[in-house]
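**Student:** Starting from these lines, generate the structure:
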Amino acid sequence: MCASAPHPPLTLDEKIGQLFVVGARGVFMNEGSLAYQQLLHQVRDNHVGGFIWFMSNVQETAVLTRALQRESRVPLLISADLESGIGMRFTETTHWPWAMAVAATGDPSLAEAQGRITAREAKAIGVNQVYAPVADLNIDPDNPVINTRSFGENPREVSRYVAAFIRGVQSEGVLACAKHFPGHGDTHTDSHRTLPQLDVDRARLESVEWVPFRAAIEANVGSIMVGHLAVPALDPAPVSLRDVPAQEKIYGTQPGEAPEHGTMPASLSRPMIEGVLRHDLGFRGVVVTDAMDMGGITEHFDPGEAAIRAIEAGEDQVLMSINPDAAIAAVKAAVRSGRLTEARIDESVGRILAAKATLSHDVPSPEELSRIVDAPESRELAMSIARRAVTLVRQKPGLLPLTKGAPRVLLVSVSDFPEVANPLPDFDRELRARDRLTQTFWIDSRTREDELPPIVAAAADKDLVVVALAVRARSGSGQITVPETARKLIAQFTAKPLIAVSFGTPYLIREIPSVETYLCAYGPQPVMQVAVAQALYGEVPITGKLPVRLVR
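**Tutor:** Have a look, this model is predicted:
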């Protein structure tokens, strides 16, 4: 591991900049382009401490990271949300199964292996901080934002996977980040849109939500992310709504959607950060806000006030302010006015620099990059996890396994994200490879009821109906549900055997209770699509176990 070189003492402006992490996309940028100049502005003028990459390309990200590291006087923390492997944020690489799929295997060593490979590949691109694992317990089946990103609902079981993933990531000299303290799994509101409220007492938090976070701290996790959720039992300070400018409503929060009366978000709460996380749980690492462009913050505070309050509360990294220039300027003004002390800034800078000193800030050569990222052995491990994760919840006796070439299959792919024409192309291809007479229909939330009769008629000369449900948690969607037209269609398939496969949230069986054969894949990743096809035809055993209860 390559530690950062010593640097001269930082000015106050440089110290303040260290607390900010700015979002970017690793795509080709000419060095004279406005996009590239904006990145340089953040480094040269705002002295930011890091960047977080969103959907990006591998080679371009490596080039940009190398350039930005050269420009920065202090080595940068370069991060990405890689909960489900490198493919979660980098195109044309393997998108690994979600955490709940890993837990369905029953083997925490696979979480450790996934963490290790994820960190190794991230490091090759220049990423040295991975915002994972999710330590939330998905207790609420209707949770629209955590769901299969969680390892499950049992505190002790989830703790095993959280600790294992952290060990894997940090064994490669990359900083892991457990999220979203104090626990975002028993909420049914998406914090991208509005502020969720967790109405439980401290005793419940101690025995349930905080168990995986304690395990993360015991595993020496380098950073913890605090979520935008209110816990009145810990901080009852009220917050009010503000008149949010249209350009700040990036997740489409509608008028009247946010509750008029709420309490302080954990991410801005000193009792929760300094009181519980630091003092009571003993965490000494870097504390990160969840993205500050989310409705759980922007509906209540402008960018400057939100950043000031986060730092007052004890946050070290202010992640993705919706207006970094305004936020940084506000923090500088708060120090000048005495609202924030330089000593408080120094506390966070000390933790950030200490973390940076342990990490590599080098970016390997293009040749090394091509050898390390998405290597065959990595893809095979992802595929192995996918095969072991497939879970048979219920089945009609004698229906499985299918016989290759024997059943004539009608495949109905159901999606709750209509912007994608065919959300499950690999599953479609795999079924056709085994039954050339497979006929496919796609429906989504735009499908009208008068479009259903041809689909029902197509089932007449088929032996089997397979309904593939690409219904999953998506940031900002606000809900997870089977489209109404799909529920009506499924109810009409009474004369043929029917198999439903959830390529997303496992809880969908509650909405389609008449289905006799139901499998869970926990996500639409290509490896999961292939694994389900193999499982249906008996080419691999179905061994997955549910990490959550589907009916309560």
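
**Student:** Show the pLDDT at residue 40.
**Tutor:** Looking at residue 40, its pLDDT reads 98.

**Student:** So it, which state does it fall into?
**Tutor:** Following DSSP: H, G, I helix; E, B strand; the rest coil, residue 40 is assigned to helix.

**Student:** Residue 80 versus the closest residue to it other than its chain neighbours, what's the distance?
**Tutor:** Leaving aside its sequence neighbours, residue 40 sits nearest to residue 71 (Cβ to Cβ, 6 or more residues apart in numbering; 6.3 Å). No exception for glycine: its C-beta is placed from N, CA and C like everyone else's. Applying Cβ to Cβ, to the nearest Å, the value for residue 71 to residue 80 is 19 Å.

**Student:** Likewise for residue 158?
**Tutor:** From residue 158 over to residue 80 the distance is 22 Å, taken as Cβ to Cβ.

**Student:** swap in residue 503?
**Tutor:** Look at residue 503 and residue 80: by Cβ to Cβ, they are 24 Å apart.

**Student:** now swap in residue 337 and tell me
**Tutor:** According to Cβ to Cβ, residue 337 and residue 80 sit 35 Å apart.

**Student:** Let me know whether the residue nearest to residue 40 touches residue 45 as I believe.
**Tutor:** No. With contact defined as Cβ atoms under 8 Å, residue 71 does not reach residue 45; the gap is 11.1 Å.

**Student:** If I look at the residue nearest to residue 40, what pLDDT would I see?
**Tutor:** pLDDT at residue 71 comes out at 97.

**Student:** how near is it to residue 31?
**Tutor:** Plainly put, residue 71 is 11 Å away from residue 31 if you go by Cβ to Cβ.

**Student:** what about the two, which has more around it?
**Tutor:** For residue 71 versus residue 31, neighbours defined as other Cβ atoms under 10 Å are more numerous around residue 71 (13 against 8).

**Student:** and residue 17, what is it in contact with?
**Tutor:** Residue 17 makes contact with 46, 47, 48, 49, 328 under the criterion Cβ atoms under 8 Å, 6 or more residues apart in numbering.

**Student:** residues in contact with the residue of the chain most remote from its centre?
**Tutor:** Most distant from the centre of the chain: residue 461, at 41.8 Å, with distances by Cα atoms, centre = their mean. Counting by Cβ under 8 Å, 6+ apart, residue 461 touches residue 408.

**Student:** what's the answer for residue 495, then?
**Tutor:** Residues near residue 495 by Cβ under 8 Å, 6+ apart: residue 459.

**Student:** where does it land on pLDDT?
**Tutor:** For residue 495, the predicted pLDDT is 85.

**Student:** roughly how far apart are it and residue 180?
**Tutor:** Residue 495 is 46 Å from residue 180, by Cβ to Cβ.

**Student:** Quick check: residue 360 touching residue 127?
**Tutor:** No. Between residue 360 and residue 127 there is no contact under Cβ under 8 Å: 10.4 Å.

**Student:** neighbour count winner among those two?
**Tutor:** Neighbour count, other Cβ under 10 Å: between residue 360 and residue 127, residue 127 has more, with 31 against 17.

**Student:** how about the more buried one, secondary structure?
**Tutor:** Of the three states, residue 127 takes coil according to three-state DSSP.

**Student:** quick one: contacts for it?
**Tutor:** Per Cβ under 8 Å, 6+ apart, neighbours of residue 127: 53, 65, 78, 79, 80, 82, 174.

**Student:** try 6 Å this time
**Tutor:** 78, 80 (Cβ atoms under 6 Å, 6 or more residues apart in numbering).

**Student:** Ranking helices and strands of this protein by mean pLDDT, which lands last?
**Tutor:** Lowest on mean pLDDT, DSSP states H and E among the helices and strands of the chain sits helix 366-372, with a mean of 90.

**Student:** got the end-to-end distance for stretch 235-244?
**Tutor:** By Cα to Cα, to the nearest Å, the extent of stretch 235-244 from end to end equals 24 Å.
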